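Student: my questions concern the predicted model and sequence given below.
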Amino acid sequence: MNSDKERLLHEIGVIDFVVVEMTEYLDTHPTDKEAMEYLNHYVRMKNQAMREYAMKYGPLRISDADGCRQNEWKWATQPWPWEGGC
Amino acid sequence: MWSYEKRLQYPVNIKEPNAQIAQVIMSQYGGPDGELGASMRYISQRYTMPYNEVAAILTDIGTEELAHLEMVSTIVHQLTRNLSMEEIENSGFANYYVDHTVGIWPMAAGGIPFNSCEFQSKGDAITDLFEDMAAEQKARSTYDNILRLVHDSDICEPIRFLRAREIVHFQRFGEALRIVQDKLDSKNFYAFNPEFDRCKS
């Protein structure tokens, strides 16, 4: 796996961790405005990073599949997470 | 409905197969305090939960547990791929191998298959949330036990991540319990079951 792909995937993992953590926090603190802004910021960052990854290496979710100039269905042909490197 | 992201929540890259350790870690897939039971517990409990915030945390933690299930399965898969017949015979893996080859199948470390008796959906908000808090602690204990048995850092790092998530989820379920109790009769939390009785709240 090349290092840019690895870096981008790591970045998505870090950003999404914040999204997961803030989502669960907000479920039990639904009026925390500061937390909502924080979450929204990271959701935007995640979408951007997911689009960039999809364009370069194939989609990680179907909603980004249209961002790939592809003549093959990379969703199916790219390696699966349990094969390592994801 | 759900959508899938084709990546792990936390990376798993194990280089050395080890069938003995795989059997131990498998318990966190299909064992009594494993991630499959965790996900099914929360996702099952949410339908009759009358408080939206609590249904939300059950949904979101239940969803995160699916990602944990995938991580644990990946660890087991990477520990059992490329095993030689000799390794299978010498590591006590033959009993698993004969039924499943190296396919992933949910069971406890002791060989008991996964079944839904490993969790409850009681239809009572207080009962279910206490169960959920206990479940997070039981899973945390299991990860602590795994960490005493495993010394390969490729395995320990994702296990430590999963262990830490148990503690965060315990905290969130504690907050959910407080939300429920705030809406009940403070003189008698058991005066009625908000998931069944026509509520006075």
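Tutor: That came in fine, so what should we check first?

Student: ok, B:N193 to chain A distance?
Tutor: Here the distance between B:N193 and chain A works out to 21 Å (CB to the nearest CB, to the nearest Å). All C-beta atoms are positioned from the backbone trio N, CA, C, and that covers glycine.

Student: tell me the residues of chain B that contact chain A?
Tutor: Residues of chain B lying close to chain A by CB under 8 Å from any CB of the partner chain are B:3-14, B:53, B:56-57, B:60-61, B:64, B:70, B:73-74, B:77-78, B:168-169, B:172, B:175-176, B:179.

Student: buried among those? Make that a ChimeraX selection.
Tutor: For the buried members of the residues of chain B next to chain A, the matching ChimeraX selection, counting by 16 or more other CB atoms under 10 Å in any protein chain shown, is:
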select /B:5,6,7,8,9,10,11,12,14,53,56,57,60,61,64,70,73,74,77,78,168,169,172,175,176,179
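
Student: which of the residues of chain B next to chain A fall within helices?
Tutor: Judged by DSSP state H, the subset of the residues of chain B next to chain A located in helices is B:53, B:56-57, B:60-61, B:64, B:70, B:73-74, B:77-78, B:168-169, B:172, B:175-176, B:179.

Student: secondary structure class for the residue of chain A positioned farthest from its centre?
Tutor: In terms of distance from the mean C-alpha position of chain A, A:T31 ranks first, at 25.9 Å (CA atoms, centre = their mean). Here A:T31 is coil, with the state taken from DSSP: H, G, I helix; E, B strand; the rest coil.

Student: okay, it: pLDDT?
Tutor: pLDDT recorded at A:T31 is 98.

Student: how close does A:L60 sit to chain B?
Tutor: Distance from A:L60 to chain B, by CB to the nearest CB: 5 Å.

Student: and that residue, that one's in a helix?
Tutor: No. Residue state for A:L60 (three-state DSSP) corresponds to coil; a helix is not indicated.
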